[in-house]
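Peer 1: just a sequence and a predicted model for now, questions to come.
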Amino acid sequence: MPATVVITEPFQTLVATQARALGLAGYHHVMVPHPISSKDEPYLRRLAREVADAVLRQLVGE
């Protein structure tokens, strides 16, 4: 089943470490700026539109 993960910058090392531990070194992800928890809805919608193509490419294997 295709999957990806969207993370913020501070979690890049954690994702890489966990992927290696699971035998998935190089597992793909989409990174967005940190923080996002304090951002308003218009910002988050704009950010989602910006990364949507990258997420889709990872899910369909392009």
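Peer 2: Ah, there it is. Residues are numbered from 1 along each chain as shown.
Peer 1: which SS class is the residue lying closest to Gly26 once chain neighbours are set aside?
Peer 2: In space, and not counting its chain neighbours, Gly26 is closest to Ala19: 7.1 Å by CB to CB, 6 or more residues apart in numbering. For every residue, glycine as well, the C-beta is placed using N, CA and C. What DSSP: H, G, I helix; E, B strand; the rest coil gives for Ala19 is helix.
Peer 1: surely His34 and Glu9 touch.
Peer 2: Yes. Assessed by CB atoms under 8 Å, His34 is found in contact with Glu9 at 4.7 Å.
Peer 1: how about the helices of this protein, start to end?
Peer 2: With helices called from DSSP state H, the chain shows them at 12-21, 41-60.
Peer 1: ok, which of the ones you listed comes nearest His28?
Peer 2: When the helices of the chain are compared for distance to His28 using CB to CB, the nearest one is helix 41-60, at 5.0 Å.
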